[in-house]
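Dropping a prediction and its sequence here:
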Amino acid sequence: MTGSNAVAYAEEHAAHNYHPLPVVIAEAEGSWVTDVDGRRYLDLLAGYSALNFGHRHPALVAAATDQLGRLTLTSRAFHHDRFGEFCQKLARLAGKDAVLPMNTGAEAVETAIKVARKWGYRVKGVPDGEARIVTCGGNFHGRTVSIISFSTDEEARADFGPYTPGFVVVPFGDLEAAVKEIADPRTVAILVEPIQGEAGVIVPPAGYLAGIREACTRHNVLMLADEVQSGLGRTGATFACDHEDVVPDMYVLGKALGGGILPVSAVVADWPVLGVIKPGEHGSTFGGNALACAVGTAVVDLLATGDFQRRATELGAHLHESLAKLPSEAVVAVRGRGLWAGVEFAESVGTGRQVCERLAERGVLAKDTHGSTIRLAPPIVITADEIDWAVEQIRAVVS
Ligand SMILES: *Cc1c(COP(=O)(O)O)cnc(C)c1O
């Protein structure tokens with residue numbers, strides 16, 4: 001299949017719910033991908049952080065390959081021999097009691113919402129049907145109808161109503177606004193990204209997460225941290241909440257949990273929270289399948305060494321130092337933490353999309369978010385030299 005055929009077939013026979021860069025990838029290894037014509041590109045998106053360990057990490061491919069030769073799926077109607085170990089190891093990594101595995105990030109967020117609502121009725125004592133969940137402006141938590149009901153992005157939301165009630169939105173980073181809503185007796189939870197990825201890698205003010213934690217404890221409200229994109233090594237810690245020494249009541253995980261091989265998501269919490277879910281009340285045919293558990297266990301094993309978190313800290317510092325040296329007339333702002341950056345360009349440079357197109361021509365893959373911002377989230381296996389080379393390409397296309 002040639003590259004132009006592949007694009008034409010997709011245009012003609014696939015829904016136009018994405019607008020991909022005109023690159024047709026056929027192979028990948030580590031931080032590099034190769035297109036159908038043999039051109040190589042350095043991957044600075046890493047599947048929106050689903051590829052934190054790089055493409056086809058040998059330990060993850062080995063775990064998947066081994067499992068493919070033994071057992072892939074049983075459904076949860078039966079036990080299988082990979083399930084318990086995965087849940088035990090993931091719970092231990094997160095310092096929590098228990099795990100509820102699903103597949104996609106959106107499903108894990110839906111799970112968090114259901115658990116929080118039931119906890120609100122059965123444990124907190126909120127009157128039936130009145131539970132409220134606080135969310136933050138600029139959020140991205142997935143694409144289901146309930147989740148887009150509290151999106152503030154018109155593109156994500158318009159024409160998909162009627163919307164699911166029971167959510168309130170406060171400005172991200174505004175602690176006072178969050179605390180006011182947390183204090184409402186009908187509030188059961190706040191759902192927050194510790195760093196907003198899709199919004200352009202927005203880091204909240206210091207003390208924001210700690211302040212939310214404190215208010216949640218005071219008002220008996222659950223803090224649900226959506227670490228689908230920020231978690232599992234990306235920011236230089238296992239969880240982005242770690243940077244503020246904050247322990248939420250629930251971690252919502254996805255993306256990198258599947259090692260870039262298959263979708264694996266989960267919520268992780270203590271029994272007083274997750275214990276509200278009883279047989280028959282929630283689930284998924286593929287959630288916790290043997291292949292997913294084998295890969296997920298290998299992912300947790302990689303994270304348990306701390307090597308990826310250390311590497312993301314060191315390379316992240318290097319990335320941010322290099323980005324800070326880009327010409328100030330071209331760059332309005334650089335945000336982020338660890339090996340994660342949102343780079344906002346001056347309007348004169350062009351749109352984020354145009355910057356990404358020019359970068360692709362020079363062998364660098366990145367993704368625009370809103371307007372003139374691009375997002376950099378390289379695989380954590382990238383080297384310092386590769387970062388230097390990538391930043392040189394950015395310099396060349398914005399100068
Ligand atoms: C990607 C993402 C999701 C949704 O994950 P999917 O696997 O695409 O459903 C949820 N929350 C955050 C913070 C994300 O970045």
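That came through fine.

can you give me the helices for the stretch 51-200 of the chain?
58-68, 83-94, 105-119, 145-148, 154-157, 175-182 (DSSP state H, counting those that start in this stretch).

got it, and the stretch 201-350 of the chain?
208-219, 271-274, 290-304, 307-324.

With respect to Val343, which of those helices lies nearest?
Taking CB to CB, helix 307-324 is the member of the helices of the stretch 201-350 of the chain nearest to Val343, at 6.2 Å. Backbone N, C-alpha and C define where each C-beta goes, glycine included.

how near is Met262 to Asp368?
Rather than Met, residue 262 is Leu. 27 Å (CB to CB, to the nearest Å).

who's more crowded, the two?
Asp368 (20 against 17; other CB atoms under 10 Å).

dump the residue contacts of the closest residue to the more buried one other than its chain neighbours.
Excluding the flanking residues, the one nearest Asp368 by CB to CB, 6 or more residues apart in numbering is Gly352, at 2.8 Å. Shown in contact with Gly352 (CB atoms under 8 Å, 6 or more residues apart in numbering): Phe345, Asp368, Thr369, His370, Gly371, Ser372, Thr373, Ile374.

ChimeraX command to pick out the buried ones of these?
Buried subset of these, written as a ChimeraX selection, criterion 16 or more other CB atoms under 10 Å:
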select :345,368,369,372,373,374
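
and the ligand, which of the contacts of Gly352 contact it?
By CB under 6 Å from any ligand atom, no member of the contacts of Gly352 lies near the ligand.

From the contacts of Gly352, pick the one nearest the ligand.
Thr369 (11.2 Å; CB to the nearest ligand atom).

give me every residue that touches the closest one.
Glu198, Ala199, Gly200, Val201, Gly342, Gly352, Arg375 are the contacts of Thr369 under CB under 8 Å, 6+ apart.

Counting neighbours, what do you get for the third one?
Gly200 has 22 neighbouring residues, counting by other CB under 10 Å.

right, and it touches Val334 too?
No - judged on CB atoms under 8 Å, Gly200 makes no contact with Val334 at a distance of 10.9 Å.

Overlap of the contact sets of those two?
Gly342, Glu344.

how about stretch 352-372 as PDB, C-alpha atoms only?
In PDB, the C-alpha atoms belonging to stretch 352-372 read as follows (Å, rounded to 0.1, in the frame of the first residue of the first chain):
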ATOM      1  CA  GLY A 352       0.200  25.000  15.700                       C
ATOM      2  CA  ARG A 353      -0.900  22.900  12.800                       C
ATOM      3  CA  GLN A 354       1.400  24.700  10.400                       C
ATOM      4  CA  VAL A 355       4.300  24.300  12.800                       C
ATOM      5  CA  CYS A 356       3.600  20.600  13.100                       C
ATOM      6  CA  GLU A 357       3.500  20.300   9.300                       C
ATOM      7  CA  ARG A 358       6.800  22.000   8.900                       C
ATOM      8  CA  LEU A 359       8.300  19.800  11.700                       C
ATOM      9  CA  ALA A 360       7.100  16.700   9.900                       C
ATOM     10  CA  GLU A 361       8.900  17.800   6.800                       C
ATOM     11  CA  ARG A 362      12.100  17.900   8.900                       C
ATOM     12  CA  GLY A 363      11.400  14.500  10.500                       C
ATOM     13  CA  VAL A 364       9.800  15.400  13.800                       C
ATOM     14  CA  LEU A 365       6.300  14.400  14.800                       C
ATOM     15  CA  ALA A 366       4.400  16.700  17.200                       C
ATOM     16  CA  LYS A 367       0.800  17.600  17.700                       C
ATOM     17  CA  ASP A 368      -0.900  21.000  18.000                       C
ATOM     18  CA  THR A 369      -3.500  21.500  20.700                       C
ATOM     19  CA  HIS A 370      -5.400  24.800  20.700                       C
ATOM     20  CA  GLY A 371      -4.500  27.700  18.400                       C
ATOM     21  CA  SER A 372      -0.700  28.200  18.200                       C
END
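
Flag every buried residue along it.
For stretch 352-372, by 16+ other CB under 10 Å, it's 352, 355-360, 364-369, 372.

check contacts around the one residue in the stretch 251-399 of the chain that gets nearest to the ligand.
Using CB to the nearest ligand atom, the closest approach of the stretch 251-399 of the chain to the ligand is made by Gly254 at 4.9 Å. By CB under 8 Å, 6+ apart, the contact list for Gly254 reads Thr104, Gly105, Ala108, Val228, Pro263, Val264, Ser265, Ala266.
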